[in-house]
Structures are given as structure tokens and as C-alpha cells.
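Colleague: Structure of the sequence below:
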Amino acid sequence: MPYDDQRDDAALVARAAGGSEQAFRELYRAYVRPVYWLAHGLLGDASDAEDVTQETFLVAWRKIPGLELQGDSLLPWLATVCRFQSANRIRIQKRDRENLGAAADETLASTVDVEEQVIGADLAERILREVEGLSALDQDIFRLCATEGHAYQSAAEQLGVGHGVVRNRLSRIRTRLRTVVEETS
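Modeller: Down below sits the predicted model:
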């Protein structure tokens with residue numbers, strides 16, 4: 001397939017708000033991996049991260065009819081919903097531990113630290129700005145490979161470019177984004 005323009009989140013949100021399951025599925029496929037990894041980073045457990053990811057998209061499905069998308073991407077809003085769902089899960093787990101009289105689990109955070117949320121939100125915004133500054137082709141390579149998990153060859157075929165183009169550009173994109181992450185550390 002030849003190279004196609006970037007997905008239009010605003011149009012997909014509008015269609016999903018009107019009840020289009022197909023549009024919502026496209027948004028889900030585009031953002032399920034970053035939402036999962038955010039949840040995993042906050043919770044530190046794969047099973048909890050999967051549950052929170054699903055809860056995040058359930059909230060999104062219920063709230064999308066009244067959503068006014070700020071910016072070009074749905075990801076910042078989904079990240080906020082994910083952080084709230086993670087905080088709720090942590091509170092419930094803490095309450096359950098206290099009610100069961102179980103010994104405190106030192107590896108589980110007792111609450112989502114506000115400073116950590118602000119830093120996480122800031123980092124997510126910086127990464128999004130960095131991705132938005134990429135060429136349209138690089139944005140699609142990032143979306144297909146880094147976000148949706150496509151192999152180089154699969155992405156290359158979808159974009160109508162060579163395997164080496166995808167591999168080399170993705171390497172440069174990752175280096176650029178790693179710099180953004182290291183600047184916040």
C-alpha cells in the first residue's frame with residue numbers, strides 16, 4: 001500500500017462519539033500499547049496494567065460522546081484517564097491490604113505521587129511535541145513500529161518504502177526521543 005497521511009484523531013473521535021465502533025477500534029489500536037506501558041510504569045504489574053488499560057478504554061467509550069479533543073492526539077487525554085484509573089487501583093489495593101491485615105508490600109506504591117504524575121504528564125507532552133515535529137513519514141513509522149508493534153517489513157510495505165528506510169528512520173527517531181527522556185531525568 002502506498003504511503004498514507006497521518007490518522008486524524010479528531011475525525012475518529014467525532015465518529016466514535018456518534019457511535020462508530022470502527023472508529024473507536026482504530027483509536028484503541030493506535031493507543032492501547034502506550035496506555036498499557038503507562039499503566040505498567042505506574043503499577044509495576046502486568047496483570048494490573050492490563051486491567052487498567054481495559055478500564056481506561058471503557059471510560060473512554062463512555063465519555064467520548066462529550067469529549068472535546070484538545071490538540072491533534074487523543075493520547076494525552078487517555079494518559080490522564082489511565083493515571084486516574086491507576087491511582088484508583090492503588091487505593092483499592094491499599095485498602096484491601098489494610099482490611100486483610102496483610103503485611104505492607106514495600107514494592108507497591110501507596111499512592112500515585114503527585115510530583116511523579118506532573119513529571120509523567122510533562123514527559124508525555126514533550127514526547128508528543130517531539131513526535132509532532134517529525135515529518136509525516138517519520139510520524140507514521142513511529143506509530144506503526146513503536147506504538148502499534150509492526151515489524152520493519154510490515155511497516156515498510158504499508159508505507160510503500162524500503163525496509164532499510166524504516167529501520168534507519170526509526171533508529172534516529174528513538175535516539176531523538178531518548179534525548180527528550182534523558183533531559184527530564
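Colleague: separation between Ala155 and Val35?
Modeller: Separation of Ala155 from Val35 (Cβ to Cβ, to the nearest Å): 21 Å. (Each C-beta comes from the backbone N, C-alpha and C, glycine too.)
Colleague: How about Gly66?
Modeller: For Gly66, the distance to Val35 equals 20 Å [Cβ to Cβ].
Colleague: Repeat that for His150.
Modeller: 18 Å.
Colleague: Which of these two has more residues huddled nearby?
Modeller: Val35 (23 against 18; other Cβ atoms under 10 Å).
Colleague: Wait, Phe142 touches Val131, no?
Modeller: Yes. Between Phe142 and Val131 there is a contact at 5.8 Å, judged by Cβ atoms under 8 Å.
Colleague: looking at the chain, which helix or strand is least sure?
Modeller: Counting by mean pLDDT, DSSP states H and E, the chain has its least confident helix or strand at helix 114-132, which shows a mean of 66.
Colleague: What is the neighbour count of Ala87?
Modeller: 19.
Colleague: for Gly133, that is, sorry about that
Modeller: Per other Cβ under 10 Å, the neighbour tally for Gly133 reads 10.
Colleague: Any figure for the gap between it and Leu177?
Modeller: From Gly133 to Leu177 the distance is 11 Å (Cβ to Cβ).
Colleague: One more: Gly164?
Modeller: Taking Cβ to Cβ as the measure, Gly164 falls 20 Å from Leu177.
Colleague: Looking at the two, which one has more neighbours?
Modeller: The residue with more neighbours, out of Gly164 and Leu177, is Leu177; 17 against 10, by other Cβ under 10 Å.
Colleague: ok, the more buried one touching Glu130?
Modeller: Yes. Between Leu177 and Glu130 there is a contact at 6.0 Å, judged by Cβ under 8 Å.
Colleague: element containing the spatially most central residue of the chain, please.
Modeller: By Cα atoms, centre = their mean, the mean C-alpha position of the chain lies nearest to Pro34, the distance being 2.6 Å. Pro34 is part of helix 21-43 when elements are defined by DSSP states H and E.
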